[in-house]
Structures are given as C-alpha cells and as structure tokens.
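Chemist: Sequence plus the predicted model coming up.
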Amino acid sequence: MSKLELGVCYYPEQWDPSEWRDDAKRMVEMGLDWVRIAEFTWGLIEPARGQFHWDWLDEVIEVLGQAGLKIMMSTPTAAPPKWLIDEHPEILPVGPDGRVRGYGSRRHYCFSSQIYLAEAQRIATEYARRYGKNPHVHAWQIDNEYNDHDTVLSYSDAACSGFRHWLEQRYGTIDALNQAWGTVFWGSLYSGFDQIELPNGLVAAPNPTHALDFMRYSSDRVRLFNRAQVDILRIHAPGRDITHNFMAGSFEFDHHAVAADLDVVGFDSYPLGNLMGSTMPDDEKRRYLRTGAPDYQGFHCDLYRSQGRGRMWILEQQPGPVDWAASNPSPAEGMVRLWTWAAYAHGAQAVMFFRWRQAKYAQEQYHSALLRSDNNLDQAAVELAQIVKDRETLPPAARRKAKVAMLLDYSSIWAADILPHDDDFPNSHIFREWYASLRQLGVDVDFLGPEDDPDGYALILLPQSMIMSTDLAAKLTASGAKLVIGARSGSKTPQMHTPDNLAPGALAALTGVRVTRVESLPALAQEYVQLTNGQRYTFTGWREIVETKEGILARFDSSYCDGSPAIVRSDRATYLAMLPRGTFLQSILKQALDWAGLKTLECDPDMRIARRGTLHFAFNFGDIPKSLPAGDHRTFLIGTDPVNVGDLAVWQENGPPK
C-alpha cells in the first residue's frame, strides 16, 4: 500500500436500515476505500447470554462490500453489555479512590479480571468465526482506545490478586522483592506476597519501585488482553491485517510491547482536541487554535509508524470540532486536507475519518463528521473531494528510514511521574519538545524502543531515559551513532535504585560524566548557561552538578556552583546537565546534527517539511503565505511556492539544491 487509502468510521446501528445502501453508495462516490465498523456492538449482537442477533450486521457487511468498500471489522470488547455486568459486577474497574466505576458509557472493564478476559475471548471468537473469512472483511481492529478515560490502572480485587502473582513470578522470593523495593526504608518489609496491597490510598507517596512495578504489571495486562484476541483472529481470520487504535498522547502502558503483536499500528488523530489539553503556553495555543500544533500529529505518526515497523494507519482523523475537549474550536478551512497529507508524508498508509454522519443523540452529538446529521455535506467532505483529486497526481512513494532516531522508553516516563523531584519536569512532553525542535530544522525522525535495534542511525536522542539497563547501554554503544543524552537519563536502574556509580549509571562510559547532585529550580528562578561559542541562554527547572574530564561546551552562570559544566561532549555523546527549551534546545540540537554530519533546513517556524520517497512535502500552519527554503529544479505536483495559508505543496527534486 504505497498510495494513500481513505476510509471512514461508520455506525450503521445508529441509523435506519433504509439509509445503509445509500450511505455505502455515497462513500464510494466520494472516493473512500475503507469503512470501519462494529466496535461497540456487543450488546446489540448478544442482547442476552447465548442469544445472537447477527442478521442486521450480516446485511450491513453485504451492503458495504457489494458497494466496493473494504471493511475493517472490530472486536466489541470496549463496551461489555449490561447483562454481563449484572452477572459479574466484579469485572468493573476501580478508580484510585477505591470507588467502582460503573456501567453506562464504555471501557467499563478491568484488564485484571480473568472473568472478563474469558468473556472477551468468547465474544471475539464468535465474531471471528462468523466474519473472519468473509471476503468483504479485509482487516480487524481489536477493542477501542486502550486507556481512554484512564482505564489502564484499576485498583480492583482482581488487580491486587493478579499483581501479587505477577510479583511472585518476577521476584521468586519475598526476600528478593524486599531487596528490590528497598522496603527496609520506613521499615515496610513484607513476609509474604499475600501481604502486598496496591499503591493507592496511602498516607504518603508509595514506595517508587512498588508503584513502578504496578505500572509494569498493568501494562503487561493490556498486552495479554490484546494478544489473547490477536491469537483468536490469527486462527479464524487468516491473512487479514490486525490493528488497534492507540490514543495520541497516551503513555500509560507500553505501546511498543502491544504493537509488537499487531500487523498495523493505528492511532486516533485529533490535532485540535489534543492542542487544548496540551502543556503548550496560551500564546502558542492561540496561535495554532484552528490549525493544531505543527508537530503534534507528526510526532504520533512517526512514533506509531516506527512501532508498526513501517505500517501505520490513522483510524480516526478529526473532521471538524470535537466534543470532548474543554473547548472545541473549529479547524480552519483546508486543515483536514492538510492533516491528511501530513499523515501520509509521515508514513500513513491509510487515513479514516471519524465519523460518517454526526450523531443525533447520546454522548457525541457535538462531534462533527463528514456529513451533518441532516445528511448534507460538512466541510470535511468538501476537503475529502480535494484529497481524492490530489491522490491522483502523486506517484507511489514509501517512507524511508531516517538518519535520526529518538529513544522513547515508557517505563522511564512512568518512573519520572512516580519520583518527580520537580513538579514542573516536562516528562512525556519533553519528547514532543525535542521532536518539534528537530522538525523545525527539517529533519525526519524515527523512534526506538528499548528492545529495538539502534544500528544504522547517525544520531540518536535520549531526551528522558531515566531508567537505563546495561544491555540497552551496550546496544547504544555498539550502534556507532552519535548520542544526545538529556538530563536525568541513566539516573535509575530498572529497580528504581540510584546506580552504584551514580547517574548516568550505565551511560557513564559513553558520556564521561558523573552526576554528584541534582536540584530543581522554581519558575521564579532565572539562571544562565554560557556556551563556549559566546551564546548565553536562560534556563530554570532541573539542574545537575557533574564531574567530567571530557570536553565542556557550556558552563552554568549561577550563584551556586558557578562555572560547573552544563553541556559535556565525549567522542560519542553530548550530555545535558539541565533542561534546555525553546531556542536554547534548538541551538543545541542543530549543533548536534552538524556534529553528526547531517544537513538541516532553515524553515519558517510555521512551515514543516517532510519526505516520503522521492516526494517532498511542505505544510503551512501560519497565517500568511510561506516561502520554501532555497532550492531549484523542483517539479511541483501539488501547490506552489510560496505555500498558501493552511495549504501544502508537494514536489520532486530533479537536481541538487543551491
């Protein structure tokens, strides 16, 4: 699949059957290839245990398939029916406050429930047996948006029992657990695994290793739940792609691990909804209120494309105002088209719009769609027509491996949340900040997990790798890449202990650095970093006092430990002893790219450039036309130079740039 395929999310059960055939016809006429259905249909298909009503779904599949659409079928486990809750109320999730989270919306199940796991396998098997070999069903989605509504962590009795068993499997003996957790601290030793409770409702902060292990256990339960349905589909739906729609901005379980069991990694892209809930300052939110932050969607496209080993689909693309953010602005005209082609430029094989028709009732009435609820075209459908025309002008192209990679380890994100030391430490947001700085320099980016092969990259970035194993450090060393290593990296072992040699622990040999003290400065503080090239920047927040015999690129200008190293460079690694942001961060990364022998582009701050095969893409998120960086021998396939407001340009280069 090298040309972009297009699809839509459809809920035929919410509309009169007399509309289905016309809907299918209109979808095909609009240029759609795929239709995604059925993720919330369990209670309709099985209204009582063992009583199956398949006729209506059989008819829908036949109508859609005969019209020429490829169907993505879903397993319906994100919304267990009321009769199952009544039979087994213990499958409901429990919040950190100890209260049971009830029936009446969705995702009302606990990943730790063995009862629910068996029920999920049962209903997935029923769906797979009926539709697994249906010629119209070409792909499957498992469940829907793991962790939506904060449902990965459940504090149920089943979670407590499962966690105890997981710990016994992990540590073998309670003495080993006591040593790993450091329970001698505050005299909190255990004499048996059956004494261990979940890390919620405590007087003070939980033991950090206890809390981290509960995150690991909960993440493992998500993978087990997903894998159980994958295994069923492999048997009953041979040859069909299997995916799940991850949520952009969710880091509560290890997506690398879950993605390893999938054929295609999907995610749901809502640039404006995510903007309003981001940590961007208000002036930036105001600037991109109707376009979305230029790098938010690109970040997740590159992350999930990397996790999908090159195969990534957007399974829900925002079509207009959403209904779930604190405020829900409308995108500027042209942005749905821009977001769609930006996803393709970052490696998307398919983009599906959410949804076909705006709902008339229930929770999502304000969520826009391709059609309004009166069946007339909404703005996204107008832009879809242009996308279909655009598609005919572009030759097939595949996304190539980048020369720069970013290491993202979910356990390090959990660890920094558990043991912050600085309440304003950006943690998961630091990855997006570094990514945005790279993209402003016109650099394409891949992502790596701790288990991935780092070979073949010229530069690898570690914005926040708090937990560092000796095995991962050895792989990074053997890769031969230049490294940029952010503050706090390697400061904890996988057991959440301070390394014997202090931070950066297993990275000490690569960096030539030893961290002897850390502090976190409040926002009211303002201190400086003086670079050897004469540049001077302010910073606040996290700061480290380090010892080194390696080259010093910058020193702190401070009333405390004045002149101590701020940026250190060995032959392989650049280590940052603070958190640079904004122009300071971009200056550091540009220098690192030069150090690694990589070219950059001087782009306008509102312009983003990406490459897919021989195709070059430029996207204008600004409010005035933007000129492309200097170059010649360009053959434009879409758009012009300058790139219009809210528009894109696509070209091929027939010779070297000036």
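Modeler: Here it is on my side, so go on.
Chemist: mind checking the SS state of L6?
Modeler: Recorded secondary structure, L6: strand (DSSP: H, G, I helix; E, B strand; the rest coil).
Chemist: which residues does it contact?
Modeler: By C-beta atoms under 8 Å, 6 or more residues apart in numbering, the contact list for L6 reads 31-34, 340, 350-353, 384, 387-388, 391. Placement of C-beta: from N, CA and C, glycine included.
Chemist: Of these, grab the buried ones for ChimeraX.
Modeler: To isolate in ChimeraX the members of the contacts of L6 that are buried, counting by 16 or more other C-beta atoms under 10 Å, one can use:
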select :32,33,34,340,350,351,352,353,384,387,391
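Chemist: Looking at the contacts of L6, which is nearest G187?
Modeler: The closest of the contacts of L6 to G187 turns out to be M352 (C-beta to C-beta; 55.0 Å).
Chemist: That closest one should be in a strand, yeah?
Modeler: Yes: assessed by three-state DSSP, M352 belongs to a strand.
Chemist: For it, list the residues it contacts.
Modeler: Applying C-beta under 8 Å, 6+ apart, the residues contacting M352 are 6-9, 34, 36, 72, 313-317.
Chemist: how about the nearest residue to it, chain neighbours excluded?
Modeler: Excluding its sequence neighbours, the residue lying closest to M352 (C-beta to C-beta, 6 or more residues apart in numbering) is G7, at 3.6 Å.
Chemist: now swap in F185 and tell me
Modeler: Using C-beta to C-beta, 6+ apart, the closest residue to F185 is N207 (7.5 Å).
Chemist: Check the one you found and give its pLDDT.
Modeler: With respect to pLDDT, N207 has a value of 97.
Chemist: M276 now?
Modeler: For M276, the predicted pLDDT is 78.
Chemist: repeat for D424
Modeler: What the model reports as pLDDT for D424 is 86.
Chemist: Check whether it really touches L521, as I assumed.
Modeler: No: D424 is beyond contact range of L521, at 9.4 Å (criterion: C-beta atoms under 8 Å).
Chemist: anything in contact with each of these two?
Modeler: What both D424 and L521 touch, as defined by C-beta under 8 Å, 6+ apart, is the set G541.
Chemist: between those two, which one's more packed in?
Modeler: L521 (19 against 15; other C-beta atoms under 10 Å).
Chemist: backbone phi and psi for the nearest residue to that one once chain neighbours are set aside, please?
Modeler: With sequence-adjacent residues excluded and distances taken as C-beta to C-beta, 6+ apart, L521 is closest to T540, at 4.9 Å. According to degrees, to the nearest 10, the main-chain angles of T540 amount to phi -150, psi 180.
Chemist: M466 versus T540, what's the distance?
Modeler: With distances taken as C-beta to C-beta, to the nearest Å, T540 is found 20 Å from M466.
Chemist: returning to that earlier point: the residue nearest to F185 - how many residues pack around it?
Modeler: That count, for N207 with other C-beta under 10 Å as the rule, works out to 18.
Chemist: what's it in contact with, if anything?
Modeler: 181-183, 185, 188, 199 are the contacts of N207 under C-beta under 8 Å, 6+ apart.
Chemist: show me what contacts the spatially closest residue to D148 that is not a sequence neighbour?
Modeler: Computed as C-beta to C-beta, 6+ apart, the closest residue to D148 that is not its neighbour in sequence is R107, at 5.6 Å. Contact partners of R107, counting by C-beta under 8 Å, 6+ apart, are 78-79, 93, 144-145, 148-149, 151.
Chemist: how about 6 Å then?
Modeler: 78, 148-149, 151 (C-beta atoms under 6 Å, 6 or more residues apart in numbering).
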